[in-house]
Structures are given as structure tokens and as C-alpha cells.
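Enquirer: give me a 3D structure for the following:
(3 chains)
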Amino acid sequence: MTNQKKLLLIDGSSVAFRAFFALYNQIDRFRNNNGLHTNAIYGFHLMLDNLLERIQPTHVLVAFDAGKTTFRTEMFADYKAGRAKTPEEFREQFPYIREMLAARGIAYYDLAQYEADDIIGTLAKMAENASENYQVTIVSGDKDLIQLTDVNTVVEISKKGVAEFEAFTPDYLMEKMGITPTQFIDLKALMGDKSDNIPGVTKIGEKTGLKLLLEHGSLEGIYDHINEMKKSKMKENLINDKDQAFLSKTLATIDTQSPIEIGLDDTAFTGPDLEKLAAFYDEMGFVQFKNALGGEAVPQDFDVAYTEPSQVTEDHFSSDDFFYFEILGDNYHIEPIIGFAWGNDKQIYASTDTDLLKSEAFQAALSKAVNIYDFKRSKVLLSHLGIDLPTANFDARLAKYLLSTVEDNELSTIARLYTDLPLETNEVVYGKGAKRAVPEKEVLLSHLAKKVKVLQVAKPVMLEKLAEHSQSELLFDMELPLANVLAKMEIAGIKVKGQTLNEMAVENQVVIDKLTQEIYEMAGEEFNINSPKQLGVILFEKMELPLEYTKKTKTGYSTAVDVLERLAPIAPIVAKILEYRQITKLQSTYVLGLQDYILEDGKIHTRYVQDLTQTGRLSSVDPNLQNIPVRLEQGRLIRKAFVPSTEDAVLLSSDYSQIELRVLAHISGDEHLIAAFKEGADIHTSTAMRVFGIEKPEDVTPNDRRNAKAVNFGIVYGISDFGLSNNLGISRKKAKEYINTYFERYPGIKAYMENVVREAKDKGYVETLFHRRRELPDINSRNFNVRNFAERTAINSPIQGSAADILKIAMINLDKALVEGGYKTKMLLQVHDEIVLEVPNDELVAMKALVKETMEAAVELAVPLIADENDGRTWYEAK
DNA sequence: TGGTTCACG
DNA sequence: ACGTACGTGAACCAC
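Expert: Sure thing, here's the model as predicted:
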């Protein structure tokens, strides 16, 4: 349609607020020369870019709230009362956002006594009723505007960052919540809104509100039928709060007839005034935006001179060289080196000829401590060529991980964060998915040379930041030495007997086939049992199992294990399905899945990802050897396939006992928890005694201990009554009691939690015992859920992270002891609080002592560290 | 590609 | 009143 007009209406106040908090963690980076904060301006700009590009509007208007008093406050003095004060860093940016809009040719408007909502509502209504054909998009961070969605009006609510939105149309709203846009107002009238201080009806939340609306259609409908309702607390609340409910409805209703003095024509998008905009960018210090203006400007790339040598001598190397080795995919155990580059700030070399690496000169250069990006990957790659890479003195990838876990640790990211060099991403240079391929040589070598250049420039910047964070030791004494240990473990691999797995596969398949037939029969039809969607339909529609047992997911009914377990007693098919789930999981992920990873040497070589987790733990991929079944016997049998690589050796497993609770005892300094560990008490029994007031350990029943154990877990995770009640299947009230008593009896723990959250709010991050840092940008979020999550994270991360640090130290020390002692024993696996070693029989006695001693002495805490050991001919037996 | 489920600490 | 336990990876389905 040629005459189609597109109107974009933006809730400026709410979007600016979103932008401010989306970039809050980087607030110090966003300041112009005058010290003005610019994060909200910048974020607003990004969001506009995204919207203009995507929607291509012909008309745009940004509406702002006018001031503190509105017609709503006249009706209800407390409207929006109790809101936190707008931070000054935010307020100061407001005039500049308007300046930016003016320079970009975007209309903006506010109206005394009215909110941005009302302006938007009025214009949207005008557009719906206009004789011309308008397609309207409303953008806000505030869900209230959903009530404005209509035939030609989409309401997009920003979800995350500046580019993710949830688009509401009347159909989508119906599908998602089962209500119309008008009913959305009624829902808010019932629920109220804490952030606007709209009261609503006591004790009615979204669930109850939706139920009432489904039944009665509207707020008015509910009160028309109130007398027919059964006596209940809810009915009483509805009656008592009737006036409040209708007041809330009025407050929540957006005024689509507000007396605005502008019309649709005034919102026409004229495009930017380039001169004004350039001056504005200069004032704000927005270099990238400024460059993008000129057309020629944004350097998408930079040039770097390099040489491609046909052979190398020692003259090609210097002690300050950086080395970079490239592969196309992720799995460096099976991928070949496609090219490499090295050099310093004077000279860079690049090549695709791996024979160069085998030269004496190259090997000599690599035998010294190198500057590198991804030492572990490089060491493994070179090992395939028979080349040793013993040590590094700097690894830019690990350094980036320690500095911040918010973004990935790719070189393009490092370039963006720590240099002015715009390095293209690997995805741009090599393509992605099926299109990934080695580019022509000049392109490849030039890209590799640029990487070396970026590394050279970034290193001093990163070193300085590490020092600022007190993280230099963490890099040089922990992550770098660990990378070496992990490389050796990955190269060693663990032997897995395909034969054993094969036998299990055959046995399992018989059971699976039988279960499949039984389930089909009981269901009365064949369907895909693996599809939660199809299964949900069978259980809850065809077989009409009670819906109270399930919860809704986005795609249908939940068929998760906790749901099925509750259904099992009333429907025999469910027990079969549980059995089916368990065994097919084993079959596909482990029994069959693992076989694909057994290489020609009969071993599995996992990769430990050292730069991923938010807490400092490792992760394990291709395959994941950190989640091999152990809890259920049937799954545990998988471990029989994991064996030593020689006949005369065993597997030795050693794991820390209760390391996270010990770390918590240390960090919190809680005297009771410390005492319990010092006495060598069973910690869950000890907790049970204190929390449930039991005098003697022998009077603690298994159930008491189980409950106490759940409480202890909860404490480590940043407890909530809901989580605990869910886990233990007890009421929330009961769970709340447990928690309160726990905090009374362990005041040090309570104090720790309060302190760590306070500190996180203050600094924006938390730290482990060894200065590993986790940034928590959401810790001051206005969103209850988001903030609570960040608070639990603040509690958990130092505990989980310090425990991870401790095992890392133990691994480094143990590796050193193995090398120095000339042992043949090899470390093979790490599973968060456990290490698995392959030990020749004649070293077993010595090794048991050495491993235990090394793990227990890794660090000195206020409580003892204890490691328990087991050995056997298979991992199954080493339990 | 995102959602769901389930394996581990 | 809100709607949650912390940290991961892989298989499978459905779009």
C-alpha cells in the first residue's frame, strides 16, 4: 500500500528510564568532557536506531510525563507516591534527550497535568479513527500501555537491553493472558500496581484477577454477580475494597481524549539536521555516532602491515611477541590450525604454513613464556603437531574473563573494550553455520595480523585494569597455571569402553521398545512421547487428568518430573512415562551420545571451558563430563564404561566434603557453623539440632536431617520461603519459620547475607576470596524479580566462586607435586568439587596421601577442609 | 532458534 | 502483591 502511514509513538519517560538502567553498570564509562552522564542518552539513541530501522515510520512522536501533579493525583493524592527519587545522574540527562530528538527531526511533546500514556493514547486513537491508513506502533517499558493495542495498533514493551521487545496485539494478548485490551484495565484495577501506588483489591493478584475476569467479563460484571459468590475471604475483600477497585480502574485507564494541542500531522518524521546532530554528538562525546554521520566515517576496519615469511629464523622472533593460532570451529581437539600470526608493535608475521611451526626457531620461540590469546587451545593445537607450549606470561582471553563476565571473550570484543581498533568478528570474516569457511589467504592473514595488533594494544590496558581490580595474582597465579593443567588433562583424555556402552544400549533399547508399546496402548493411540506438547495433550485433554496438577508453560501443559510424580498415583500411564523419560535420557545423551566422542585412541577428550561461568567454575563441553549420572543406580552404571588407559592402573576420585558450606562458614565468620565444622560434626544433623531445637544427635530423625539439608542448600543459594517450600513440599509459612529460626540460630550467616547484598548494591559487583569478580548490573533494578534474582546471586556467587577457586588452587598444586615427584599419575577430570585421576597401581598408596593432603591444604580457612577418596577399576567403582 | 526437560555440582 | 531457589550442557521438538 503506497499511502500506508506508519506512526511510532514512544513513551519517552519510560524508555529513557529503561535506557538509563540498561547501561547503569557502565555509568562511569558514559560521561562527556563536562562530566555529564550520558548513558541514558546513549541508550535512548540506540533504541531509536533500532526502532527507526525496523519500523521505518513516516511519523514519530516521543511523549514525556509533564511533572509531578496530574489529573490522577487530583483524584487520588497518593498516586505514584512512595516512588524512589529519580537519581540525579538520570535527571541531568533529560534536557539532552530532547535536544537529541530535535536534532534528529523527531517531534516530542508533554502536556501539563497529563502523563505520556495519555498523549500516546489520544494520538493512537486519532490514528485508528483517521481517514488515512495508519499503522501504529507504541513503544514503552511500562506494561500499562498494553490496553491501547487495537486493530492497527501494536504495543511493544521493552524486555531486555535496548533491542528486545515483546509485541502485543489484541490476538497476542488473548493468547497469552486470555483477555481483551479493555479487560487489561480491569485486571489492573483488581491487582493494583505497587509502582504507581494504585491500591487494587486486597489479596488479588494476577492469577485470581484473571480467573474473575474469565468468569464475569469485567470489573462491573464481577460486582453485578458478587451476591452469587460463595462466602470467602476473597468475596469479603472484593466487597470491602469496592470503591478502591473502581478508583483503581479510573486511575489505570489511559485518557484517549486528552486535550493535546498537536495533531497527527505534527508528528511527521522529517529526518535529522546533520549539522546540529554532529554538534550534539561532539558535545556528548559520541565518537561512533559522529563517525557514522559522515558516510565515509565509521572505520569498519583498520589496516595493519604484515609479512608472510617462507621460512623463519630466530630473527623473526622477539620476547614481546604475541602468538595467535586460528581454527574454524570450536573443537580444537579435532580441528586443524588454518593459520597463525605473531609479532610485536614493530613487525607482524602471518602464515598458513604449519610446517613453519615445526622449525627449530619457532619451537625455540614457543618454548619461552609467550604472550597469547587462549593458551589452552593453543597448547592443545600445537601438541597435535608434536610441539610443546610450556608456559605463557599473558593470556588475553583469560584476562578479559577476569575483568568482566558480562560479555564474551572474543578478540573483537577485547578490541572494542580495550582498544580503538574496530576488529571484525570471526562471524563476519569466516561466516557462520553452514557458510563458515576459510577465506582466501590474503583475507585470512590480514585478519590474523590484525588480531595480533589488537593483542599488542590491549595488553597494557588490560594489565592496568587487572591491577585496579586486584586481579593480577588471580590471572598469573591461578587461571594461567590452571590453563596449563587443564590442557594436559584434555590432551590425556579418559578411556571409555565403547563395548560396555554398546551392551547397555542393546539392553536399554529392549526396555524402551516395551515401554513405548505399553504407553501407546494405555493412551489408546501412538504419539511422540518425547514431545512435551503432544504428551500434554494426551494427558490433560484426551485422558482428562486433573489440570490442578500441572502448570502452564508457554507452549502448553507442563509435563516436568514434579508434575508427573504427583500424577503417578492416579494414572498408571504416568509411571510408565517417568520410566520412559529416565531411560531414554540415559540412552540418547549418555549411552549413545558419548560413543560419538570416543576418538581413535579409545578416549574421550572433553574441553573445559575456562572463561564462561559467571562464578568462576569450569564448564565441560563436547561432551560434558561434569554431568555423568550418579544419583540413580541405573544411570550410575554408565560410569562402568570409564576406565584407566592401562591395565595396571586404577581411577582415583577425591572430592571435597561440603566445600560450599565450609566456605560460607569462613566468609561469614559465623561462630556456630565454624564450631560445627571444627568438631567434625555431620553438618546437616548439626543444623537440624540447632534449628529444630533437638538436644542429642541421636534424636535427629532422618526426616529432620533431610529438612535441615534442604535448608542448608537454600542458604547457599540465597534462600526464599517459596523455594524452600517447593523443595520440601511444605507450606510457605512453615518454610518461612524454618528460615527465621535458622537466621536466629546462625546470626553470622544472616549478617553475611545482609552485608554482601548491601555491598553489591554499593559497588555493583561481588567478589570471591581471591578477587574473582561478578558484576551485578541488576542489583538496583526497580523490577522486584530482577532485583531479587540479583540479590540471591550476590549471596551465592562468592560462595560458589570461592569454592571453585579453592579447587583450582588444589589442582595447580597437585599438578606441580606430580611433576616434581616424577609420578606417572595423571589428572583426568574435574567435577566442581571432585578430581578424578588415573593412578598406576604402584603409586596408589602414595597418591592417596598426596591428593588428600594437597586438596586439604589448598588454602587455610577458619574451618578445616576435608577431602574423601575412593578408587577402583572403573569410575563406577571409585565411588 | 527458543522452549522444555533433565543430567550433574 | 510481586513469583523465585545457585551454577552448568545436551537432546529433542516445533517454529
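Enquirer: where exactly do the strands run in the stretch 51-200 of chain A?
Expert: Assigned by DSSP state E, counting those that start in this stretch, the strands in the stretch 51-200 of chain A fall at A:59-63, A:107-109, A:134-140, A:153-160, A:164-168.
Enquirer: tell me the contacts of the closest residue to DNA strand C within chain A?
Expert: Here chain A gets closest to DNA strand C at one residue, A:G205, 1.3 Å apart by C-beta to the nearest atom of the strand. For every residue, glycine as well, the C-beta is placed using N, CA and C. Residues near A:G205 by C-beta atoms under 8 Å, 6 or more residues apart in numbering: A:M191.
Enquirer: apply 10 Å and report the result again.
Expert: For A:G205, the contact set (C-beta atoms under 10 Å, 6 or more residues apart in numbering) comprises A:190-192.
Enquirer: any chance of CSV for these, columns neighbour count and pLDDT?
Expert: Below are the contacts of A:G205 laid out as CSV (neighbours: other C-beta atoms under 10 Å; pLDDT from 0 to 100):
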residue, neighbour count, pLDDT
A:L190, 25, 89
A:M191, 20, 87
A:G192, 22, 83
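Enquirer: what's in contact with the helix or strand that contains A:K576?
Expert: Using DSSP states H and E, A:K576 sits in helix A:572-585. Outside helix A:572-585, the residues within contact range by C-beta under 10 Å, 6+ apart are A:507-509, A:511-512, A:514-516, A:518-524, A:529-530, A:535, A:538-539, A:543, A:545, A:549, A:559-561, A:563-569, A:571, A:591, A:629, A:632, A:634-635.
Enquirer: just those that are near DNA strand C?
Expert: A:N530 (C-beta under 7 Å from any atom of the strand).
Enquirer: list buried residues within the contacts of helix A:572-585.
Expert: A:508, A:512, A:515, A:518-519, A:523, A:529, A:535, A:538-539, A:545, A:549, A:559, A:563-564, A:567, A:571, A:591, A:629, A:635 (16 or more other C-beta atoms under 10 Å).
Enquirer: who in the stretch 401-550 of chain A is up against DNA strand B?
Expert: Going by C-beta under 7 Å from any atom of the strand, the residues of the stretch 401-550 of chain A near DNA strand B are A:433, A:532.
Enquirer: the helices in the stretch 401-550 of chain A, which residues?
Expert: Secondary structure of the stretch 401-550 of chain A (DSSP state H, counting those that start in this stretch): helices at A:411-418, A:426-430, A:441-468, A:472-473, A:480-492, A:498-523, A:532-537.
Enquirer: rebuild those helices as TSV, extending it with mean pLDDT and distance to A:F722.
Expert: Shown next, in TSV, are those (pLDDT from 0 to 100; distance: least, C-beta to C-beta, whole Å):
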stretch	mean pLDDT	distance to A:F722
helix A:411-418	94	37
helix A:426-430	93	41
helix A:441-468	97	39
helix A:472-473	98	40
helix A:480-492	97	37
helix A:498-523	95	33
helix A:532-537	90	24
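Enquirer: the host helix or strand of A:F325 versus helix A:411-418: what angle between them?
Expert: Using DSSP H and E, the element containing A:F325 is strand A:322-326. Angle, strand A:322-326 to helix A:411-418, by axes from the mean of the first three to the mean of the last three C-alpha atoms, to 10 degrees: 140 degrees.
Enquirer: ok, of the contacts of A:G205, which one's closest to DNA strand B?
Expert: A:M191 (23.0 Å).
Enquirer: which bits of chain A sit near DNA strand B?
Expert: Proximity of chain A to DNA strand B (C-beta under 7 Å from any atom of the strand) is limited to residues A:433, A:532, A:553-555, A:558-561, A:564, A:578, A:581-582, A:585-586, A:589, A:626-632, A:635-636, A:655, A:800, A:831-834.
Enquirer: among those, which are located in helices?
Expert: A:532, A:561, A:564, A:578, A:581-582, A:585, A:635-636, A:800 (DSSP state H).
Enquirer: of these, buried ones?
Expert: For those, buried by 16+ other C-beta under 10 Å: A:532, A:564, A:581-582, A:635, A:800.
Enquirer: burial of the nearest residue to A:E326 once chain neighbours are set aside, as a residue count?
Expert: Excluding the flanking residues, the one nearest A:E326 by C-beta to C-beta, 6 or more residues apart in numbering is A:G339, at 4.8 Å. Neighbour count of A:G339, defined by other C-beta atoms under 10 Å: 22.
Enquirer: can you pull the phi/psi pair for A:G339?
Expert: For A:G339, the backbone dihedrals (degrees, to the nearest 10) come out as phi 180, psi 170.
Enquirer: and the residue of chain A that's closest to DNA strand B?
Expert: Using C-beta to the nearest atom of the strand, A:T553 is the residue of chain A that sits closest to DNA strand B, at 2.9 Å.
Enquirer: close enough to count as contact, that residue and A:L535?
Expert: No: with contacts counted by C-beta atoms under 10 Å, A:T553 stays clear of A:L535, the gap being 11.9 Å.
Enquirer: test my guess that A:Y717 contacts A:R792.
Expert: Yes: counting by C-beta under 10 Å, A:Y717 touches A:R792, with 6.5 Å between them.
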